[in-house]
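Asker: give me a 3D structure for the following:
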Amino acid sequence: MRLYSLSVLYKGDPKVHLLKAAYDVSTFNFFQRSSVQEFMTFTSQLIVERSGLGSRASVKEQEYLCHVYVRSDGLAGVVIADNEYPQRVCFTLLDKVLDEFSRQVSKVEWPSGSPATISYAALDTYLSKYQVQPPRD
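Answerer: Just a heads-up that it's a prediction; the model follows:
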């Protein structure tokens, strides 16, 4: 059971844009990592674009499950995990991250923000904290 990506996006009027993201592509071949990360960013934006405000959904994309939560204020979160990762845990994580993000980052910054301009460092911590480590023999 693995988490691969945790993203915070803003569903603005013309389009969706990424505010902050964390990735764990360590299980992929070194030469595939950047294209896998691009795929995850693109997929996250596309899913948020196609989701309505105030909605939650889980979408299967190739061998991944993408869990999306779009709040009514336009702030959205996406977790990309493998098929075995529990859905309930993903949505609990998204609730926690979006609540914390909205407290720490001013709503004024959401429409124009980007990963370079938004300062919110907790995503990497959450991504590693919620990783399920395989049992050791």
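Asker: can you pull the contacts of Ala76?
Answerer: Ala76 sits next to Val8, Leu9, Tyr10, Lys11, Val16, Val48, Ser51, Val68, Tyr69, Val70, Leu98 when contact means C-beta atoms under 8 Å, 6 or more residues apart in numbering. Where you see a C-beta, it was placed from the backbone N, CA and C, and this is true even at glycine.
Asker: wait, doesn't the third one sit right on Ser112?
Answerer: Read that as Tyr10. No - in this structure Tyr10 lies outside contact range of Ser112 using C-beta atoms under 8 Å: 9.1 Å.
Asker: so where's the chain shaky on pLDDT?
Answerer: For the chain, the stretches with pLDDT under 70 are 133-137.
Asker: 80 instead, please
Answerer: 13-14, 132-137 (pLDDT under 80).
Asker: what about the helices in it?
Answerer: Here the chain has its helices, by DSSP state H, at 33-50, 87-104, 122-129.
Asker: can I get those helices in CSV with mean neighbour count and distance to Arg2?
Answerer: Formatted as CSV, these follow (neighbours: other C-beta atoms under 10 Å; distance: least, C-beta to C-beta, whole Å):
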stretch, mean neighbour count, distance to Arg2
helix 33-50, 17, 12
helix 87-104, 16, 12
helix 122-129, 15, 10
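Asker: just curious, which of the contacts of Ala76 is nearest to Arg2?
Answerer: Val68 (17.9 Å; C-beta to C-beta).
Asker: okay then, goodbye and thanks.
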